[in-house]
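S.K.: Sequence below, structure please.
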Amino acid sequence: MKEHAPVGRHHIVIKQRIATNPATIFPVLHIEGSSGYSIMWSLVEYFLANQSKSDTWMGDTARAIGLFYDYSIETHKLGLNKRAQFHKFLSSLERGTIDTETHQDETNLYWAPTGLDKTKRLRTRLVAFIDWIMYEELEASGKSTFIASKKKNEKLTLSLLKTARDIIKLSPMSHTKDVMKAAGQLSQSKKALGYEFEDDPKNHINAQSENKAFPVELISPLLQFGFVKNPIAENPFEREDITAKMITILLLFGGLRKSEPLHLWFNDVFPYSDFQCQAKLFHPRLAKTNLLGEKEKTREEYLKERHMRPRHDKMNSKSLRARWKTLAVDKTTYHADIFFLHPSAEAMFVTLYQMYLSYRSKLMETYVKNEGHDHPFLFVSAGVDRRTGKSYVGAPYSAKSFTESYNKALDRLEQHLGMRIERGRDAGLNPHALRHCYAQLLTDAGVNEKVIQKCMHHRTINAQEAYKGISSQKVRDVLANYSVSSVVQNKVQLTAS
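M.R.: Numbering: from 1, shown residues only. Next comes the predicted model:
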């Protein structure tokens, strides 16, 4: 937990397995009552109704409700009326509960400031849950059976949340059934639960945000030197980290997100010449296997036979988990084509792919021997956990492994160039910056927006707006082509004092 995050006083959030069919796992909120801690089952039901939501979304929701419960318990002792109590909750969350001058805290919560961005996100999650509770009651013809069956401390929490919504008169239930959409609109609003935020700078700079694309001048040296582990090795897989290099090519020249290559199966790439291929990204659960003798099975069914799950399934361990963002896919086959930015990049990938299949088959022999079954994922690990001694040879390659290998490639690039390379998102050096570079190169080449949408696998054309920012270096390059300095000299006379 970050140092500035408020600490729960009367609640805890634990990731737990939920006995559903199929089983799932998500954050479970436990709130403190007179007889100890108990599960807030209404939140469990809320998560079960929204299982496709991310871990972050669920974690934020549980945290928002837990902190609201803490605040309500502590401020109840102060004798505040309900309106004042609700009005001050978000203020305390954003700015902290400790008095600036006295360093005292009348709430006894001692919350450090959470910050504007995080507070707005928690506010949105909180209101969405309140609206869902109210909608569930409306569906029950106005009968409060949904709350009546809950334990005392949970009933108190739900009652407080409902009262907050009633006081502020913001419930959208009178005119919409899409509570998630209505709550989502709150992320851009300044006022909810009686508290008005100051202007969020993000509302004014997003449209002109700087594009965090990977620097074009580093592409060639990264691919040439960054992945070389042992320059004198004869075996290409001992010489280079080819797994990480292939994934980097897919991100940089195929426009994929960091986790998407981890969903590729070994048969999702179709070479049709020595230097050309057709690569496809299939839905990890619903798409067919396209395997000989198994073509009618979905990928989920095929994996289940091997005691495995699609990699975006929340029940996976961290090493097997790979995020999946909804893409624009073919309505029949549930796939999206991967379009390489340049023929040379495609040729490089095909060459490495054909080498990789042979390398992978040897690692898979070890995996089958250890695990008792095979798996279809293209990219595999070759390592052993130094801490536990557990072998990951042949196991599906993890997102963490790629991040570590990518950072090592940047280290080698630094060494080759003899200069320090700034890291992270702001410098355009994180893995997602490779996808931004792909989009920027397409835009600079004058490619039609509809074509870019297809290449990026966006469901709407507006989604590419996030990739259209302009970098500071781009501004400098443009200004360098204009004789601005001579115009200034002619128009402005400077006098020495």
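S.K.: mind showing which ranges of the stretch 151-300 of the chain have poor pLDDT?
M.R.: For the stretch 151-300 of the chain, the stretches with pLDDT under 70 are 151-211.
S.K.: what ranges do the helices span in it?
M.R.: 152-168, 179-184, 202-205, 219-221, 236-239, 242-254, 299-304 (DSSP state H, counting those that start in this stretch).
S.K.: ok, now the stretch 351-497 of the chain?
M.R.: For the stretch 351-497 of the chain, applying DSSP H, counting those that start in this stretch gives helices covering 399-417, 432-444, 449-456, 472-480, 484-491.
S.K.: closest one to residue 356 among those?
M.R.: Residue 356 lies closest to helix 399-417 among the helices of the stretch 351-497 of the chain, at 14.6 Å (CB to CB). For glycine as for every other residue, the C-beta is placed from the backbone atoms N, C-alpha and C.
S.K.: Output the contacting helices and strands for the closest one.
M.R.: Under the contact criterion of 3 or more CB pairs under 8 Å, 6 or more residues apart in numbering; DSSP states H and E, helix 399-417 touches helix 219-221, helix 242-254.
S.K.: please redo it, this time with the cut-off set to 6 Å
M.R.: The contact analysis (3 or more CB pairs under 6 Å, 6 or more residues apart in numbering; DSSP states H and E) places helix 399-417 against helix 242-254.
S.K.: and the direction of the helix it packs on versus that of helix 432-444, what angle?
M.R.: Interaxial angle of helix 242-254 relative to helix 432-444 (axes from the mean of the first three to the mean of the last three CA atoms, to 10 degrees): 30 degrees.
S.K.: What lies in contact with helix 242-254?
M.R.: The contact list for helix 242-254 (CB atoms under 6 Å, 6 or more residues apart in numbering) reads 227, 256, 261, 338, 340-341, 345, 349, 352, 379, 402, 405, 434-435.
S.K.: What is the longest strand of the chain by residue count?
M.R.: Ordering each strand of the chain by length in residues (DSSP state E) puts strand 24-33 first.
S.K.: Counting neighbours, which bits of that strand end up buried?
M.R.: Residues 24, 26-32 are the ones in strand 24-33 that count as buried (16 or more other CB atoms under 10 Å).
S.K.: Stretch 445-453 now?
M.R.: 452-453.
S.K.: Quick one: end-to-end distance for it.
M.R.: Distance between the two ends of stretch 445-453: 15 Å, counting by CA to CA, to the nearest Å.
S.K.: Return the distance of it from the chain's centre.
M.R.: Offset of stretch 445-453 from its chain centre (CA atoms, centre = their mean, to the nearest Å): 25 Å.
S.K.: average pLDDT across it?
M.R.: What stretch 445-453 shows for mean pLDDT is 93.
S.K.: what's in contact with it?
M.R.: Outside stretch 445-453, the residues that touch it by CB under 6 Å, 6+ apart are 442, 461, 464.
S.K.: how far away is the closest residue to the second one other than its chain neighbours from residue 434?
M.R.: It stands for residue 461. The spatially closest residue to residue 461, leaving aside those adjacent along the chain, is residue 453, at 5.0 Å (CB to CB, 6 or more residues apart in numbering). Distance, residue 453 to residue 434, by CB to CB, to the nearest Å: 19 Å.
S.K.: who's in contact with the residue sitting nearest the centre point of the chain?
M.R.: In the chain, the centroid-proximal residue (CA atoms, centre = their mean) is residue 323; its distance is 7.1 Å. The contact partners of residue 323, by CB under 6 Å, 6+ apart, come to residue 259.
S.K.: again with residue 320
M.R.: Residues in contact with residue 320 (CB under 6 Å, 6+ apart) are residue 396.
S.K.: Can you report phi and psi for it?
M.R.: Phi and psi for residue 320, reported as degrees, to the nearest 10, are phi -100, psi -10.
S.K.: For it, give me the pLDDT.
M.R.: With respect to pLDDT, residue 320 scores 95.
S.K.: Then residue 107?
M.R.: So, for residue 107, pLDDT stands at 85.
S.K.: Quick check, it in contact with residue 73.
M.R.: No. Residue 107 lies out of contact with residue 73 (CB atoms under 6 Å); the separation is 9.8 Å.
S.K.: what about residue 422, neighbour count?
M.R.: 8 (other CB atoms under 10 Å).
S.K.: Report the separation between the closest residue to it other than its chain neighbours and residue 292.
M.R.: Excluding its sequence neighbours, the residue lying closest to residue 422 (CB to CB, 6+ apart) is residue 429, at 6.6 Å. From residue 429 across to residue 292, the span is 42 Å (CB to CB).
S.K.: So for those two, which sits in the more crowded spot?
M.R.: Neighbours were counted for residue 429 and for residue 292 using other CB under 10 Å; residue 429 has more, 21 against 7.
S.K.: what helix or strand is residue 90 on?
M.R.: helix 82-95 (DSSP states H and E).
S.K.: Tell me the pLDDT of residue 497.
M.R.: Residue 497 is given a pLDDT of 43.
S.K.: Kindly report the same for residue 14.
M.R.: 92.
S.K.: try residue 388
M.R.: At residue 388, pLDDT is 75.
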